[in-house]
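**Q** sequence plus the predicted model coming up.
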Amino acid sequence: MSRYPPFSRYESGAVSSRIRDQLLRLRHHMRGEAILDEAIARLATEMNIRPGEAAEQLDRMAQHSGLDLIEIAKGVEPPREEIRDTPEAPSWVRGMLEGVHASALYLTPIRDATGRVVDFLIMAANRHARSVAGRTAAELTGRRLMATSPGMASSGLLDDYITVFETGEPMVRPVLEFVEVRDYLLWPATIAVRAARVNDGLLASWRALDDEELLVSGWERAQRLAEVGWGEWNLATERTLWTPQMYEMFGCDRADGPIPLEELPAAVLPDDLPIVEEQLRSLLEHREAVETEFRVQQRYGVRHLSVFSEPILDTDGVPVKVRCFVQDVTRNRRRERALAVAHEQAHRQRERAEQEHQVTVQLQNTILPIRRGLIHLPGLTVGVRYLPGEELIRLGGDWFKARLIPDGRVLLAIGDAMGHGLTAASIMLQMRSGLAGLAYTQAPAGQLATWLNDLIVHSNEGVTVTGTAIIGHFDPEDYTFRWTNAGHPAPMLIRDGQARLVDGVAGMMLGAFDATEYVLNTTQLQTDDLLVLYTDGVVERRGRDLESGMDALVQAAHFCPADDPEELIDCLLKRMGGKFSEDDVCVIAARVL
């Protein structure tokens with residue numbers, strides 16, 4: 001005996017149990033449908049209205065009572081007068097019915113008060129008549145059609161009969177999945193139905209399809225769904241047999257008959273003629289079965305056909321017939337082409353993204369060569385740090401400036417161009433280099449921001465580019481930091497081991513509007529103060545808003561040393577998780593000497 005448990009037994013049992021539950025739910029649903037169908041038929045008969053109107057009436061009854069629709073349907077009683085005094089059918093009607101070797105009825109219209117046909121009265125039935133639910137000719141004659149066959153409404157046959165009666169156009173349904181209802185049970189059947197107007201009535205006949213017809217019908221349906229066909233060419237008699245789907249695939253009219261074998265190349269695209277020629281040579285000369293694929297041109301366009309063909313040989317080995325099984329694989333080939341195009345486009349996009357990334361990295365390395373280290377300036381020791389995002393494709397537009405300008409002040413600035421990749425890097429270059437040139441005018445920070453905004457707006461006509469920045473000047477003479485905020489996170493000041501955000505008026509981000517004025521804020525600094533400027537990559541995280549991130553930065557600063565700007569930056573980034581940020585990270589920490 002195996003020491004391993006029979007795993008498959010437990011699996012199959014669980015699957016069978018789930019299927020059994022699904023079938024129980026389905027049968028319960030089917031019973032509910034049967035109850036509704038029979039109730040609708042009873043209401044339509046009792047009120048002399050059409051089934052659709054009866055369904056609306058049933059729904060209103062449920063809403064008015066507050067009960068479930070099924071419960072209301074169960075309470076609908078059968079009509080009080082199902083059997084009417086039916087006039088004797090004329091002899092020609094009886095003779096006509098007996099000439100039909102299937103279940104047949106002669107129906108006369110029943111109208112409502114407005115003259116609409118809402119149902120039919122069964123005036124006569126032939127001796128073969130038997131409903132799907134088993135009612136005989138005697139049980140059918142003299143009754144309303146809906147009363148004897150509630151399934152007429154849900155299966156759509158009643159509407160078809162009304163249309164035939166009103167238009168005079170005959171109706172033929174070779175295969176109809178008909179579901180009868182009787183005693184709150186469903187009686188499904190596959191039937192063939194015919195109907196035609198005769199004088200002032202309707203001749204309707206039907207018969208249930210036998211097993212062979214059901215198999216043929218199923219095979220035809222399978223051919224349509226799978227888009228397959230079958231054909232046979234008799235080489236001796238020149239007779240050709242095709243299934244209906246073959247005509248569809250080759251784009252032929254059935255009235256014209258199948259394509260002769262020798263004319264098959266005329267339907268094939270010229271590029272695929274060698275394939276068809278080799279196929280016929282294999283069949284007729286080498287007498288071998290062959291599987292090929294070729295394209296045909298038909299009125300609906302080009303179709304791709306996968307063909308398996310074989311020769312039928314006589315006792316002497318001479319081909320007497322050629323049979324083929326054909327499948328239309330056009331949709332598969334289209335999907336394959338679309339997939340190939342998508343792969344090619346994705347490959348080109350990856351290549352373009354890699355090239356853009358290389359250019360972006362090179363551009364950032366050129367613009368921001370210093371990513372860490374101390375910068376010694378009048379009255380300040382400045383630590384800087386720039387870290388690209390964890391995802392290379394998200395290289396952004398963070399930038400900083402820390403330099404002495406001719407009037408003796410120190411320019412401290414930090415910014416972030418919106419977006420990622422080469423676009424953000426190019427905007428960052430525009431902002432940083434533009435500020436570098438404007439700074440030599442020695443204008444106040446607010447004016448520099450206004451000019452920088454104008455530069456961004458007018459240098460990118462037709463394209464909206466935006467960014468944020470803090471631009472300020474530190475004056476070593478009086479230890480003042482005069483600065484302006486263009487939509488950027490507020491600076492942080494650490495004094496005597498206590499950290500706080502610096503209050504100041506925040507202006508509009510750069511590039512958002514054509515003409516923008518910026519307010520100049522003034523912050524008085526002291527010896528040993530640490531002023532921290534940073535980009536949103538330090539404080540923003542997925543699932544956390546910017547304000548919460550800034551509060552977290554202030555809390556982190558209370559646990560970090562404030563003597564050395566480099567050590568402070570390392571500590572802040574470690575506590576804030578900045579080294580693993582999805583976005584770029586840029587930090588300036590300026591210690592007042």
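**A** That came through, no problem.

**Q** the lengthiest helix in the chain packs against which elements?
**A** Longest helix in the chain, counting residues (DSSP state H): helix 7-47. If contacts are counted by 3 or more C-beta pairs under 8 Å, 6 or more residues apart in numbering; DSSP states H and E, helix 7-47 sits against helix 51-65, helix 69-74, strand 117-125, helix 145-148, helix 151-154, strand 171-182, strand 185-198. From N, CA and C alone the C-beta is placed, and that goes for glycine too.

**Q** angle of the last one against strand 171-182?
**A** Right, the one you point to is strand 185-198. Between strand 185-198 and strand 171-182, the angle comes out at 150 degrees (axes from the mean of the first three to the mean of the last three C-alpha atoms, to 10 degrees).

**Q** strand 185-198 pairs with which strands?
**A** strand 171-182 (antiparallel), strand 201-208 (antiparallel) (DSSP bridges).

**Q** what's the closest of those strands to A490?
**A** In terms of C-beta to C-beta, the element of the strands paired with strand 185-198 nearest to A490 is strand 171-182, at 71.8 Å.

**Q** which element follows the lowest-mean-pLDDT helix or strand in the chain toward the C-terminus?
**A** Sorting the helices and strands of the chain by mean pLDDT, DSSP states H and E puts helix 211-226 at the bottom, at a mean of 64. Next helix or strand after helix 211-226 toward the C-terminus (DSSP states H and E): strand 228-234.

**Q** how about that following strand as CSV, C-alpha atoms only?
**A** Output of strand 228-234 as CSV, limited to C-alpha atoms (Å, rounded to 0.1, in the frame of the first residue of the first chain):
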residue,chain,number,x,y,z
VAL,A,228,-15.0,24.9,-39.5
GLY,A,229,-16.3,23.2,-42.6
TRP,A,230,-16.0,20.0,-44.5
GLY,A,231,-15.9,19.3,-48.3
GLU,A,232,-15.6,16.4,-50.7
TRP,A,233,-14.7,16.4,-54.4
ASN,A,234,-15.6,13.3,-56.4
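
**Q** tell me which of the strands paired with strand 185-198 is the most buried.
**A** Highest mean neighbour count among the strands paired with strand 185-198 (mean count of other C-beta atoms under 10 Å): strand 201-208, with a mean of 20.

**Q** can I get it in CSV, CA atoms only?
**A** The C-alpha trace of strand 201-208 is given here as CSV (Å, rounded to 0.1, in the frame of the first residue of the first chain):
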residue,chain,number,x,y,z
GLY,A,201,-56.7,32.2,-39.0
LEU,A,202,-53.2,30.8,-38.5
LEU,A,203,-52.0,27.3,-39.4
ALA,A,204,-49.2,26.4,-36.9
SER,A,205,-47.3,23.2,-36.9
TRP,A,206,-44.4,21.8,-34.9
ARG,A,207,-42.5,18.6,-34.4
ALA,A,208,-39.8,17.5,-31.9
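
**Q** what angle separates it from strand 117-125?
**A** Calculated by the same axes, to 10 degrees, strand 201-208 forms an angle of 70 degrees with strand 117-125.

**Q** tabulate the strands paired with strand 185-198 (CSV), appending mean pLDDT and distance to A133.
**A** Output for the strands paired with strand 185-198, formatted as CSV (pLDDT from 0 to 100; distance: least, C-beta to C-beta, whole Å):
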stretch, mean pLDDT, distance to A133
strand 171-182, 84, 4
strand 201-208, 90, 12
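
**Q** so which of those is nearest M249?
**A** Per C-beta to C-beta, nearest to M249 of the strands paired with strand 185-198: strand 171-182, 21.5 Å.

**Q** which residues touch the residue lying farthest from the centre of the chain?
**A** Distance from the centre of the chain peaks at E477, with 65.4 Å (C-alpha atoms, centre = their mean). For E477, the contacting residues are G408, by C-beta atoms under 8 Å, 6 or more residues apart in numbering.

**Q** so how far is V410 from it?
**A** 11 Å (C-beta to C-beta, to the nearest Å).
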